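Chemist: next input, structure requested:
(5 chains)
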Amino acid sequence: MNTKNSEAGEGKERAGDVIVETISRLMVPFIQLFALYVIIHGAGGPGGGFQGGVIFGASFVLLVIAFGIVNAGDRFPEGANTAFMSLGVYIYAGVGLLCIIFSRGAAQFLNYGFIPLTTHFEENRALGMDLVEIGIGITVMAVVTSIFFNLAWKREPEEGGEEE
Amino acid sequence: MIPSLDLVLLFLIVAIAIAAITVRDLLSAIMLLCAYSFLMAVIWVEMHSVDVAFTEAAVGAGASTAFLIAALSRTTRWEKK
Amino acid sequence: MKLISLSALLFVIFLGVLFIYVAEDIPDFGDPYSAPNRYIKLFSMDAAGLEDNLNKGVVPEVLTSELKAIGFRDDELPLRVEPIKEGEWEAIIIPEEKEQDFYPKEQKYYFIKKEGAKLDVYRYALIKRYVEEGHHETEVPNMVTYILADYRGYDTLGETTVIFTAGVAVMLLLRRREKRPE
Amino acid sequence: MMEWLIEEVFAKYNYWVSIILMLIGFYAMIAKGNLIKKVIGLSIFQTAIFLFYISLGDITGGTEPIVVEGYKGIYVNPLPHVLILTAIVVAVATLAVALALVISMYEEYGTIEEEEIIEKERELGV
Amino acid sequence: MLSPVEQFPVLVVAISMLSAFIILIAGRVNKKSCCFISIATILLQLIMAFFILHHVLTKGTIHYWLGGWKPPWGIEYLVDALNAYVLVIVLFLGLLCAIHSKSSIEHEVPGKNASFFTVYQLFITGLCGVTVTGDIFNMYVFIEILSLAAYALVASKGGIALRAGFTYLVMGSIGACFFLLGIGFLYAVTGSLNIHDLSLLLPPLYGNRVVQAAFIFFIVGLGIKMAIFPLHTWLPDAHPAAPSPISAMLSGIMIMVGFYALIRVLFTLYPFYYHYGLILLILGLLSMTVANLFAFFQKDLKRLLAYSSIVNMGIVATGAGVAAYILSTVAEPSKTPPEAASLAMAGALLHILSHGIGKAMVFLGSGNIHYGIHTRELAKMGGIGRDMPFTGYSMSVGLLSLLGLPPLIGFWSKFLIIMSVAMAIQSVGGVVMLTTFILLLFNVIYAAAYYLRVTKVLMIESGAVRTHEAPFPMVFPVVVFALFCLIGGLFPISLIRVAVRASLIILGGG
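Modeler: Here you go, the predicted structure:
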């Protein structure tokens, strides 16, 4: 993406730079691994679902910058993106509803202690929080990617209309 | 917090904020905003709020800047006077 | 253009004057005893004859009735008092029956301090429980995480919905479909 | 006067800096004609409010709010951090929607200066 | 064991959220399904809201602790008569506007079914969330959800709507930031976020400058959201530019939810000697008068209606202001507020309902007309009622209800407010009440002029292009609203009773 170029965002004509492409190809898995670490490690140290999700999304942004938006966009289909966007929030709200269901109406929404994962009430809470963080991570990852693609990619009218 | 370091950072941040809204090149303005966010994150680390600083570094200096540059690539770079 | 800059400047000056007016009463930053960081003062009452009761752990009648007059609910009234050191006490509330199983059985809620001939009654800020009990209640060491995901979990659900809204909104705005159905 | 300066300004410099930043952002939001500049001003304004919140929760001599077994000192107040995490997300969401609007406006009118857009609207007769 | 109804406040919000996420995926499979899912969800929510209202009126306030944490620590949903009443109105309007969207979206925002209905559902989520919550920061989060959705929906039409949407976004963000700053100030001096808890901790601090500044920020921040006079500048652009069901929702209920948030925060947290009664009264009277003057000269139907929304916002604010003003003059606060105050508040709350229904109907009707003859200009609509009989007659009923003609519901709300002012002249006296009375009467009569003009253009004049009635999903909501105006106007007693209960709650006598 070159901002001086008024037709930036198409990226087709630009010859790929070997160094940039290779380095980013190497870096992306590490960034994603780090993002997962941040999501999982949110309980014990700084970090959490949101930060991890943004970092995960940033790895796709790096792909876009290295390969041009059309090539990177092909690797990340819109349908999957939309599904991921919703999936994360399903996990979150679903965990909340499960608490009501498992306790047969005795407990409140988001009272994670009632999900029967372990025998301890407090550990259930910790695990419930992990689930929730994963949900946040998935949603944020998908949303950041989707927003970036939508902002940066000028679609052709016919092309853009097909998906919805 | 360490007051002297804090003061230096805060002065810097005010200067950057003023520069970000006065400079006419929008790309420079965005990069200044990125620096602003990053310095803000540093200040927050200094105030012991690591989580928020982490988020601001990832979001303010990372994602927002990417969004702004993406928007800039589809519009125009120079502010008219 | 000139007019709008001028009016913006006027707004800014107005806001600045407001902030200068406020500055006096903003609590000092970094103060461990300020309202958000430790406790907030509710009222003060006569110390005469109450100290012995407090030292014995009995809740004085005056305290309960004063708190009731402020409007605290019944389950927020203190049931026991514990002395910390000379002239300082902590009042403890015990939650209702229905959540007995899952919540801390007791909660430090009020703080009483002797100032001359008066007793000052404070209420602890939320942070007291978050910091002291949270780790036992949730088994997670990072305070920000457990407040974010558990105590204020609903805010976070809202937050996730906000970013989801932004994603869909950007989709709605930027995906133009040119061909009209007509 | 001097006393006021020492008591209110130097003791609470965080507060003052956050206010100056707020005013800068607020000015940019109203006075700047360029839409991207408005968005930048909005960002500065929001971040300044976050700085105010974080300063509220800071405690001199406190440590990061991560429980360490056996630590007897004080932790800083974690609640403002939580609120600000939520608010940061709101800020980035607002930013994204604003940018989407700016881009569609550029595609519609070919400019991102507010005055020119108003002029073009007037030419179109609305 | 919680009773099932006590779970409903959270389910209303959670189901709405989940349904929004389903719609987005369902839209990829089948575009037609989006609006059916949306309508079904809102219908379910509406039924739940009725149960909540019934429970609240018979058994008392619902306290719901999210995550099981006790209020000062966790987030609490506090549903009393006022919340439940506003919730029912929100969902009732939301349902009928969703039905209307089914057809009108094809016409106004073509080809974006899935994302439109997702954002619409999120908008409803935000409205419900603001309405039921009892935690001030949670309120901020939901206000943001609803505002973001509203910005996108306003701008979804493209063209001129984009700039309106952007102006709205900038002003709305300033408002939200001020609200956040107000919360921060309150938090700085009390260390609490629950509204009920704050109301207990604040009294010793009322002289504190931080609390006063927070007061100003709440008024300005929420004043922008509810478009009261000096802060209304975004509304006349944004409301006409939006697609008609969205205009209906924005004008009919969204600004009223802003008003709800304002009275919830102010009346609970600040005592009456702050004289916000007077502030609200002045702002209300000003916005009423100024917007009326503007409205009279509009040639664009939707723009006229947008100005008329500001007028009605002014009436509602005046009602609340009168109530607060009367209470501030009472020497000793007693357990039950004076009759005039509770009547004024009840009038304001009833006006939320009557204005919401009337304004939503008229906006939907203008959408039908736009569907028929593709114009919004009043001059080209002469005699459209003859070609579109259902739309035409229903819109006349709505306009007459907004005007305040006796057998319709709009009459009762205006009547209550004016009567309470008249009572206040006797009991309180003073030049303020007298001026209020005169200005109110003047505005009601002045507004009648342009409502009647529109009715005349629609039904009597001639000159419109020949056209035919809009499709059924677009006509149905309009007719239902008209019937409701009639029925509600003929049997207003139960509605007034609910409004009085709600007003007693907010004024501290319930």
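
Chemist: where does the prediction get shaky in the chain?
Modeler: By default, I'm working from chain A. A:1-16, A:73, A:105, A:155-164 (pLDDT under 70).

Chemist: chain D is the one I meant
Modeler: For chain D, counting by pLDDT under 70, the residues that fall below are D:125-126.

Chemist: for it, what lies in contact range of chain E?
Modeler: D:26, D:29, D:35, D:38, D:42, D:45-46, D:49, D:52-53, D:56, D:80, D:83, D:86-87, D:90, D:93-94, D:97-98, D:100-102, D:104-105, D:108, D:114, D:117-118, D:121, D:126 (C-beta under 8 Å from any C-beta of the partner chain). Glycine gets a C-beta too; all of them are placed from N, C-alpha and C.

Chemist: for chain A, same thing?
Modeler: Checking chain A against chain E by C-beta under 8 Å from any C-beta, the hits are A:79, A:82-83, A:85-86, A:89-90, A:93-94, A:96-97, A:100, A:105-113, A:161, A:163-164.

Chemist: same thing but at 7 Å, please
Modeler: With the criterion set to C-beta under 7 Å from any C-beta of the partner chain, chain A comes near chain E through A:79, A:82-83, A:86, A:89-90, A:93, A:96-97, A:100, A:105-111, A:161, A:164.

Chemist: about what we covered before: now the buried members of the residues of chain D next to chain E.
Modeler: D:26, D:29, D:35, D:38, D:42, D:45-46, D:49, D:52-53, D:56, D:80, D:83, D:86-87, D:90, D:93-94, D:97-98, D:100-102, D:104-105, D:108, D:114, D:117 (16 or more other C-beta atoms under 10 Å in any protein chain shown).

Chemist: what's the closest non-adjacent residue to residue E:365?
Modeler: residue E:395 (3.9 Å; C-beta to C-beta, 6 or more residues apart in numbering or on different chains).

Chemist: go on, residue E:342?
Modeler: Nearest non-adjacent residue to residue E:342 (C-beta to C-beta, 6+ apart): residue E:503, at 5.0 Å.

Chemist: before we move on, back to that, helix or strand: which one has the residue nearest to residue E:365?
Modeler: Counting by DSSP states H and E, the element that carries residue E:395 is helix E:389-403.

Chemist: what do you get for residue C:54?
Modeler: Using DSSP H and E, residue C:54 sits in helix C:51-56.

Chemist: show me what residue C:111 is bridged to.
Modeler: residue C:90, residue C:122 (DSSP bridges).

Chemist: mind listing what it touches?
Modeler: Shown in contact with residue C:111 (C-beta atoms under 7 Å, 6 or more residues apart in numbering or on different chains): C:39, C:90, C:122, C:124.

Chemist: circling back: any idea of the mean pLDDT in the helix holding residue E:395?
Modeler: Averaging pLDDT along helix E:389-403 yields 87.

Chemist: which parts of it are buried?
Modeler: E:390-403.

Chemist: buried residues, the helix holding residue C:54. List them.
Modeler: Within helix C:51-56, judged by 16+ other C-beta under 10 Å, the buried ones are C:51, C:54.

Chemist: counting contacts, what elements does that helix pack onto?
Modeler: Contacts defined by 3 or more C-beta pairs under 7 Å, 6 or more residues apart in numbering or on different chains; DSSP states H and E place helix C:51-56 against strand C:80-85.

Chemist: mind exporting the C-alpha coordinates of the strand it packs on to PDB?
Modeler: What follows is strand C:80-85, C-alpha atoms only, in PDB (Å, rounded to 0.1, in the frame of the first residue of the first chain):
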ATOM      1  CA  ARG C  80     -20.200  -6.800  63.400                       C
ATOM      2  CA  VAL C  81     -17.400  -4.400  64.100                       C
ATOM      3  CA  GLU C  82     -13.700  -5.300  64.200                       C
ATOM      4  CA  PRO C  83     -11.100  -3.100  65.700                       C
ATOM      5  CA  ILE C  84      -7.900  -2.700  63.600                       C
ATOM      6  CA  LYS C  85      -5.900  -0.600  65.900                       C
END
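
Chemist: in it, what's buried?
Modeler: Buried residues in strand C:80-85, defined by neighbour count with 16+ other C-beta under 10 Å: residue C:81.

Chemist: and the contacts of that strand?
Modeler: Against strand C:80-85 from outside (C-beta under 7 Å, 6+ apart): C:54-55, C:57-59, C:89-92.
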